[in-house]
Structure formats: structure tokens, C-alpha cells
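>>> Sequence and computational prediction follow.
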Amino acid sequence: MSHALPEFRGFRFPHIKRLWTALCQEPELPQLDRWLSKTLRDEKAFGRRDRLYYADVLFAAMRYLQPIVLLEAGFKAGDVKQFPALYQAEDAAMTSVTLWQSVQALPVEVVLFWLAKLTDTGGDWPREITDLAERHQFWTNVKQVLNKANMNDVLQGWRPRWQPLLAARGLRSGWSQELLHPFVQGQNTRPPLWLRVQRPEDVAPVAAQIIGQGYDLEQDGDALKVIGERGIYQLPAWQEGKLEIQDWASQQISRAVDAQPGEQVWDACAGGGGKTLAMASAMNNKGAVTATDIREYKLEEIKKRAKRAGWFNVRRFPWDAEAPLRLPKEVARQGGFDRVLVDAPCTSSGTWRRNPDARWRLDETQLTELLALQDKILHNAAPAVKVGGRLVYATCSWLEAENEQRVEAFLANNAGFTLEQQQVVGFPHQNADTMFYAVLTRVA
Ligand SMILES: C[S@@+](CC[C@H](N)C(=O)[O-])C[C@H]1O[C@@H](n2cnc3c(N)ncnc32)[C@H](O)[C@@H]1O
């Protein structure tokens with residue numbers, strides 16, 4: 001299930017090389033989707049299909065960064081038997097910084113060669129590659145030795161050091177052995193586009209409109225899954241504000257909050273407001289949603305989106321989780337919020353399918369900092385929940401350390417809360433991102 005690329009055609013190489021070389025000028029591992037939207041906007045000579053093609057190639061290369069670097073190192077070392085040991089050792093020492101430095105040092109044609117092998121893409125070979133026969137032979141041999149060493153997954157861009165983390169997730173969530181391998185492979189495929197319709201009465205007419213425009217559509221309850229997403233912004237339903245793009249796993253988190261009309265709800269880490277809007281939808285302009293975030297500019301996005309959707313009960317202000325929130329008067333009067341969502345900053349490991357560069361950023365330092373931040377946010381958000389109210393802790397990560405272990409740490413210090421349920425939702429059970437939520441009740 002590798003990410004299928006159209007066959008390489010030599011006339012496209014100069015453009016791929018130019019784009020890849022420009023990408024490698026970035027001093028740090030770049031966030032590819034942002035980089036692409038900025039860069040491709042300036043490529044006036046490209047048509048729509050060109051843009052999609054070049055974006056696909058760069059996305060694929062980003063997914064396979066580590067195997068590309070290490071295959072070249074192994075080829076240069078020339079001892080195929082030692083390749084699994086070399087891979088293990090390099091993986092143990094590699095950080096996002098050293099990986100990116102190694103990528104920057106590789107000739108672009110070498111990147112394309114290994115990318116073609118890893119993704120099973122046929123077509124032309126860059127003419128700069130003069131040792132093709134030896135490279136083909138090395139590839140055939142490498143696959144055999146990795147297979148023998150039970151290390152096939154490294155050719156999916158899966159780091160050996162993630163193996164125990166995935167095993168722990170499998171154990172905790174009861175994923176069968178048969179699910180673990182597709183989970184790894186699935187990291188190299190993009191999930192489809194999921195849409196949320198603002199108002200329940202619009203679901204059927206909007207679905208009919210999307211199908212009428214020639215899209216393939218599947219429904220999971222009220223969530224709509226669109227295949228062949230490109231051009232969705234032209235739909236009248238989109239322009240009329242009836243639709244939001246929101247991953248299916250993310251929709252399940254807002255549903256777990258179960259906001260009711262007339263309640264006081266706080267979205268503590270609201271970001272651009274994906275979940276704020278979903279909760280406002282459920283409340284239908286009755287009661288209020290308070291959206292906060294440390295980054296004030298993100299809250300501006302919520303203002304626009306709420307207006308577009310016709311929700312007038314969303315208020316916004318910055319909050320940086322250094323201390324508990326000063327409750328708005330009417331919330332204080334009722335003893336706190338009815339529901340609080342803490343959608344915490346995390347490694348985003350559950351979004352690797354969409355943002356392939358995020359996987360290479362996951363390292364010990366990043367994780368340690370995030371765990372402390374998650375504890376702090378949860379600890380300082382909790383006092384705002386009224387007795388009898390609900391606290392939902394969520395991440396877009398599948399790592400136990402960011403999820404169940406944070407909930408355990410919280411419960412150990414907050415005896416007034418009980419855990420109702422916790423689970424990972426989305427991929428591999430659904431074709432979506434992978435996310436986690438825990439539902440807690442304040443009992444005292
Ligand atoms: C996972 S994102 C939120 C995504 C958002 N809920 C959505 O559905 O679109 C986490 C958010 O936490 C915010 N954040 C990071 N550190 C914070 C802090 N110390 N206090 C409050 N928010 C923080 C980030 O700015 C980011 O927007």
C-alpha cells in the first residue's frame with residue numbers, strides 16, 4: 001500500500017529538482033503543506049495538474065526521508081549484510097536536525113532514485129545516475145536482509161524506535177496484530193476529506209448537492225466523506241457557510257463533549273476553532289461557547305468562521321494556561337462551566353498521514369516538553385468545571401504517554417474527578433486521523 005505516484009517522466013525532472021533544491025534551502029525541517037502553498041502560488045507557469053503532481057512528489061519524498069538517507073548511506077558503505085545494524089544505530093542517534101542536515105547534503109537525483117524504489121514508481125531514471133545496475137542490485141539485496149531481520153517497516157519510513165510505542169498502543173487499545181501493519185503502511189496514504197454540516201436539517205440537501213457535482217460521497221452518521229476532494233470550495237453549500245472541513249476523528253471529540261443548547265462551554269485550546277464551531281453547532285445559538293488560546297491571532301479565525309456559519313454565541317479571549325481562568329461573571333454565578341474541552345498541544349502523531357514532516361519532529365526533547373505542557377494545561381483548566389460538569393481531554397496523538405498516562409497523572413492529583421471513558425478514535429478503524437479523548441466528570 002505504498003503511496004502510488006504517477007510514473008516519473010524525464011521532462012518533469014528539472015522542475016522537481018528546482019523545487020526540491022529550494023525546499024532544501026530551508027534551515028530547519030519545513031512544514032511542507034505551508035511551504036508548498038507559498039511556493040506553488042508563485043509558479044505561474046504550472047497548471048492545476050502540474051501543481052498536484054509536484055506536490056505529490058514532494059509529499060512522498062517527505063514521508064520517506066529517513067529510508068532515503070539511510071539507503072544512500074548503506075549503498076555507499078557497500079556492505080548489505082550490515083545494513084540492518086547500520087539502520088538501527090543511525091536511527092538511535094538521529095534527531096530531526098541531523099536528519100534534515102543529511103537530506104540537505106544528498107544530490108536530488110539520489111533522492112529521486114530511492115523515492116522511486118520505495119514507492120514502486122516506474123518511468124525514467126535521472127540521467128545523472130551512472131551506477132544504476134549496482135543500485136538496482138543493492139535494492140534487491142536490501143529488501144532481503146531487512147526481511148530476514150524482521151525490519152520491513154523501515155521501508156515505509158517507520159522508525160525502529162517507534163515499534164515499542166506502537167506495541168504499547170496496540171496492547172492498550174486492543175488492536176489485533178493484523179491492525180498494526182496496516183497502521184504503519186497507512187501512514188503513507190492520505191485520509192479523505194471529511195466534512196461537517198453545520199445544521200442537521202442541511203445534511204441531506206448538502207449531500208445531494210455534493211453528489212450532484214460529481215463527487216464520490218460516503219456518510220458516517222452526519223459526517224460526510226468526500227473522495228476526490230479537489231474543488232470543494234466552489235460548492236454553493238461551502239460558499240453559503242453550511243459546511244466545515246473537519247476530520248472524522250476530530251468530529252468525534254466534539255461529540256464527546258456533548259454540548260447542549262443553553263449551556264456554558266469552554267474550549268480551552270481552541271486554535272482555529274474546528275471544535276469550537278462543532279460545539280456551537282450542537283448548541284444552536286443557545287447558551288455560550290468561550291474559546292481561548294495562547295495565540296490570539298488564531299482566535300481571529302474563529303470570529304470569521306463563526307460569523308460565516310451564523311453562530312453568534314461564541315466569545316473569544318487569550319488564555320495562556322499559566323494560571324486558572326478568571327471565569328466570566330455568568331459562568332462564575334453558576335459555579336463554573338458545564339463542559340470544558342482541553343484539546344491539548346501534542347506531537348500530532350495522529351496526523352502524520354496528512355503532515356508527513358511531523359513524524360520526523362517527534363523526538364525525546366519535544367515529547368518531554370509537551371508532556372509537561374499537557375499536565376499544566378489540564379491542571380489549570382480543571383478548576384473551571386462546575387461540580388457535576390464534564391471535562392474532556394483530547395489530543396491528535398496515538399502515544400500512550402500523551403494520552404492515558406496524562407489522564408492517570410491528572411487523576412492522581414485531582415481527586416474531585418472520575419474517569420467515565422477514554423479511547424483512541426479514527427485510524428486504523430476509520431479512514432481518518434488518529435485522535436484520543438478522555439471524558440471526566442467533576443464529582444466534588
Ligand atoms: C491541538 S491545537 C488545538 C486545535 C483546535 N482545538 C481545533 O480543533 O482546531 C492546540 C492549541 O493549544 C494552544 N496552546 C499551546 N500552548 C498553550 C498554552 N500554554 N495555553 C493555552 N493554549 C495553548 C496552541 O496555540 C494550539 O492552538
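That came through fine.
>>> Could you use CA atoms for every contact and neighbour count after this?
OK.
>>> so the residue of the stretch 51-200 of the chain found nearest the ligand, which of the three states?
At 12.8 Å from the ligand, Arg196 is the closest residue in the stretch 51-200 of the chain, using Cα to the nearest ligand atom. What DSSP: H, G, I helix; E, B strand; the rest coil gives for Arg196 is strand.
>>> can you pull the contacts of it?
Going by Cα atoms under 8 Å, 6 or more residues apart in numbering, Arg196 touches 222-224, 243-246, 251.
>>> quick one: Gln198 and Ile245 touch, right?
No. Judged on Cα atoms under 8 Å, Gln198 makes no contact with Ile245 at a distance of 10.5 Å.
>>> Which one's more surrounded, these two?
Regarding Gln198 and Ile245, a neighbour count based on other Cα atoms under 10 Å identifies Gln198 as having more, with 23 against 15.
>>> which residues does the more buried one contact?
Neighbouring residues of Gln198 by Cα under 8 Å, 6+ apart: 242-244, 278, 281, 309.
>>> pLDDT averaged over stretch 181-193, what's the number?
Per-residue pLDDT values over stretch 181-193 give a mean of 94.
>>> Kindly export it (C-alpha atoms) in PDB.
What follows is stretch 181-193 as a C-alpha-only set of coordinates in PDB (Å, rounded to 0.1, in the frame of the first residue of the first chain):
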ATOM      1  CA  HIS A 181       1.000  -3.400  10.000                       C
ATOM      2  CA  PRO A 182      -1.800  -1.600   8.100                       C
ATOM      3  CA  PHE A 183      -1.500   1.200  10.600                       C
ATOM      4  CA  VAL A 184       2.200   1.600   9.700                       C
ATOM      5  CA  GLN A 185       1.500   1.300   6.000                       C
ATOM      6  CA  GLY A 186      -1.500   3.700   6.200                       C
ATOM      7  CA  GLN A 187       0.800   6.500   7.500                       C
ATOM      8  CA  ASN A 188       1.800   6.800   3.800                       C
ATOM      9  CA  THR A 189      -1.700   7.400   2.500                       C
ATOM     10  CA  ARG A 190      -3.700  10.500   2.900                       C
ATOM     11  CA  PRO A 191      -7.100  10.200   4.600                       C
ATOM     12  CA  PRO A 192     -10.000  11.500   2.600                       C
ATOM     13  CA  LEU A 193     -11.600  14.900   3.200                       C
END
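>>> what pLDDT does Asp220 get?
At Asp220, the model reports a pLDDT of 82.
>>> quick one: contacts of stretch 397-416?
Looking at stretch 397-416 with Cα under 8 Å, 6+ apart, the contacting residues turn out to be 165-166, 168-169, 346-351, 371, 374-375, 378-379, 393-395, 417-418, 422, 424, 434-438, 442-444.
>>> make it 7 Å
Stretch 397-416 is contacted from outside by 165, 169, 346-350, 371, 375, 417, 424, 434-436, 442-444, using Cα atoms under 7 Å, 6 or more residues apart in numbering.
>>> No further queries at this time; thank you.
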